[in-house]
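Asker: sequence and predicted structure below; questions after.
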Amino acid sequence: MSEASEIPERLEGSVRVSDDEALRRLFAYPLDFGCRPTAIREPDGGYSVTVIGPPQALENLRADGFEIKVVDAPAERGRDVGRGDRFEGGKIAPRGFGRKVPDGGERPT
(Lines give C-alpha, C1' and ligand atoms only; values in the text may rest on other atoms or scores of the structure.)
Protein backbone atom coordinates (compact mmCIF):
# COMPACT_ATOMS: atom_id res chain seq x y z
CA MET A 1 0.00 0.00 0.00
CA SER A 2 1.29 3.48 -0.84
CA GLU A 3 2.07 5.99 1.82
CA ALA A 4 -0.42 8.87 2.03
CA SER A 5 2.16 11.26 0.59
CA GLU A 6 2.53 8.98 -2.47
CA ILE A 7 -1.18 8.90 -3.34
CA PRO A 8 -1.71 11.17 -6.36
CA GLU A 9 -3.94 14.18 -5.88
CA ARG A 10 -5.75 13.40 -9.15
CA LEU A 11 -6.13 10.25 -11.22
CA GLU A 12 -7.07 9.71 -14.83
CA GLY A 13 -9.60 7.06 -15.68
CA SER A 14 -11.60 5.67 -18.55
CA VAL A 15 -15.30 5.28 -17.78
CA ARG A 16 -17.42 2.88 -19.80
CA VAL A 17 -21.15 3.56 -19.99
CA SER A 18 -23.79 1.48 -21.74
CA ASP A 19 -26.19 4.10 -23.10
CA ASP A 20 -27.12 7.77 -23.52
CA GLU A 21 -28.84 7.97 -20.11
CA ALA A 22 -25.74 6.69 -18.31
CA LEU A 23 -23.63 9.16 -20.32
CA ARG A 24 -25.81 12.06 -19.14
CA ARG A 25 -25.50 10.84 -15.52
CA LEU A 26 -21.72 10.66 -15.89
CA PHE A 27 -21.44 14.21 -17.24
CA ALA A 28 -23.41 15.44 -14.19
CA TYR A 29 -20.53 14.45 -11.89
CA PRO A 30 -18.13 17.24 -10.81
CA LEU A 31 -15.12 15.77 -12.64
CA ASP A 32 -12.63 17.11 -15.14
CA PHE A 33 -13.61 15.91 -18.61
CA GLY A 34 -10.91 17.98 -20.32
CA CYS A 35 -11.26 21.00 -22.56
CA ARG A 36 -13.37 19.03 -24.99
CA PRO A 37 -15.36 16.33 -23.24
CA THR A 38 -15.36 13.39 -25.61
CA ALA A 39 -17.56 10.31 -25.58
CA ILE A 40 -16.13 7.65 -27.88
CA ARG A 41 -18.82 5.38 -29.33
CA GLU A 42 -18.05 1.71 -28.78
CA PRO A 43 -19.08 -1.05 -31.24
CA ASP A 44 -21.75 -2.35 -28.83
CA GLY A 45 -23.47 1.06 -28.65
CA GLY A 46 -21.95 2.20 -25.35
CA TYR A 47 -19.40 4.95 -24.80
CA SER A 48 -15.95 5.43 -23.27
CA VAL A 49 -15.13 8.74 -21.61
CA THR A 50 -11.83 9.95 -20.14
CA VAL A 51 -12.16 11.62 -16.72
CA ILE A 52 -9.72 13.15 -14.26
CA GLY A 53 -10.49 13.59 -10.59
CA PRO A 54 -9.46 12.88 -7.03
CA PRO A 55 -9.18 9.17 -6.15
CA GLN A 56 -12.32 9.35 -3.99
CA ALA A 57 -14.40 10.83 -6.82
CA LEU A 58 -13.38 7.98 -9.11
CA GLU A 59 -14.22 5.46 -6.40
CA ASN A 60 -17.63 7.15 -6.03
CA LEU A 61 -18.24 6.50 -9.73
CA ARG A 62 -17.46 2.81 -9.21
CA ALA A 63 -19.72 2.69 -6.15
CA ASP A 64 -22.52 4.27 -8.21
CA GLY A 65 -22.27 1.43 -10.73
CA PHE A 66 -20.02 2.93 -13.38
CA GLU A 67 -17.39 0.72 -14.98
CA ILE A 68 -14.09 2.57 -14.54
CA LYS A 69 -10.51 1.72 -15.31
CA VAL A 70 -7.94 3.95 -13.63
CA VAL A 71 -5.25 4.79 -16.16
CA ASP A 72 -2.60 6.68 -14.18
CA ALA A 73 -1.86 9.92 -12.42
CA PRO A 74 -1.77 12.87 -14.85
CA ALA A 75 1.70 14.09 -15.78
CA GLU A 76 3.54 16.00 -13.09
CA ARG A 77 1.97 19.46 -13.01
CA GLY A 78 4.18 22.29 -14.13
CA ARG A 79 6.87 20.00 -15.47
CA ASP A 80 6.47 21.28 -19.03
CA VAL A 81 5.60 24.88 -18.20
CA GLY A 82 7.87 27.37 -19.92
CA ARG A 83 8.55 30.99 -19.11
CA GLY A 84 7.84 32.42 -22.56
CA ASP A 85 4.59 34.01 -23.75
CA ARG A 86 3.04 31.24 -25.81
CA PHE A 87 -0.16 33.28 -26.15
CA GLU A 88 1.65 36.14 -27.92
CA GLY A 89 0.18 38.83 -25.72
CA GLY A 90 -3.38 37.50 -26.01
CA LYS A 91 -3.40 36.88 -29.77
CA ILE A 92 -3.64 33.10 -29.27
CA ALA A 93 -6.34 31.53 -27.08
CA PRO A 94 -5.25 29.14 -24.28
CA ARG A 95 -5.90 25.42 -24.81
CA GLY A 96 -5.63 22.37 -22.57
CA PHE A 97 -5.78 21.89 -18.83
CA GLY A 98 -4.95 24.84 -16.65
CA ARG A 99 -6.11 27.07 -13.86
CA LYS A 100 -6.86 30.74 -13.71
CA VAL A 101 -4.50 32.74 -11.51
CA PRO A 102 -5.84 36.15 -10.39
CA ASP A 103 -3.68 39.21 -11.00
CA GLY A 104 -1.16 39.50 -8.24
CA GLY A 105 -1.61 35.82 -7.42
CA GLU A 106 1.20 33.38 -6.97
CA ARG A 107 2.50 32.03 -10.27
CA PRO A 108 4.56 28.89 -10.77
CA THR A 109 8.30 29.47 -10.83
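Answerer: Ah, there it is. Small disclaimer: the values here were computed from a predicted structure and weren't measured.
Asker: which residues of this protein fall in strands?
Answerer: For the chain, applying DSSP state E gives strands covering 11-17, 39-41, 47-53, 67-72.
Asker: closest one to Tyr29 among the ones you listed?
Answerer: strand 47-53 (7.8 Å; CB to CB). Just so you know, the C-beta spots here come from the backbone N, C-alpha and C atoms, and that holds for glycine as well.
Asker: one step back: mean neighbour count and distance to Glu88 added to the strands of the chain, as TSV?
Answerer: Formatted as TSV, the strands of the chain follow (neighbours: other CB atoms under 10 Å; distance: least, CB to CB, whole Å):
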stretch	mean neighbour count	distance to Glu88
strand 11-17	20	30
strand 39-41	12	33
strand 47-53	19	28
strand 67-72	14	33
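Asker: nearest to Ile92, of these?
Answerer: strand 47-53 (24.1 Å).
Asker: tell me the angle of the closest one relative to strand 11-17?
Answerer: 150 degrees (axes from the mean of the first three to the mean of the last three CA atoms, to 10 degrees).
Asker: could you give the angle of strand 47-53 to strand 67-72?
Answerer: Going by the same axes, to 10 degrees, strand 47-53 makes 50 degrees with strand 67-72.
Asker: and the contacts of strand 47-53?
Answerer: Under the contact criterion CB atoms under 8 Å, 6 or more residues apart in numbering, strand 47-53 has outside partners 10-17, 23, 26, 29-34, 37-42, 58, 61, 68, 71, 74, 97.
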